[in-house]
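**Q** With the sequence up front, the predicted model follows.
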Amino acid sequence: MNLKKNPKYDLEHKRSYFTQIGIIISLLLVIVAF
């Protein structure tokens, strides 16, 4: 059960990390556009 729970948590952690990167990229695109 613990082994099954760990990868799911890791995937969720990576997802939040990629979401932050996406926000930064979108902000940079807005700065470049203006």
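**A** Everything's here; your move.

**Q** does the residue nearest the centre of the chain belong to a helix or a strand, and which?
**A** The residue lying closest to the centre of the chain (CA atoms, centre = their mean) is Phe18, at 2.0 Å. Assigned by DSSP states H and E, Phe18 falls within helix 2-33.

**Q** Do me a favour and average the pLDDT over that helix.
**A** For helix 2-33, mean pLDDT rounds to 83.

**Q** buried set for it?
**A** The neighbour-count check on helix 2-33 (16 or more other CB atoms under 10 Å) flags nothing as buried. (Glycine included, C-beta is placed from N, CA and C.)

**Q** Now find how far off-centre that helix is within its chain.
**A** Put simply, helix 2-33 sits 0 Å off its chain's centre (CA atoms, centre = their mean, to the nearest Å).

**Q** packing partners for that helix?
**A** Applying 3 or more CB pairs under 8 Å, 6 or more residues apart in numbering; DSSP states H and E, we find helix 2-33 packed against no helix or strand.

**Q** picking up where we left off before, which residues does the residue nearest to the centre of the chain contact?
**A** Under the criterion of CB atoms under 8 Å, 6 or more residues apart in numbering, Phe18 has no neighbours.
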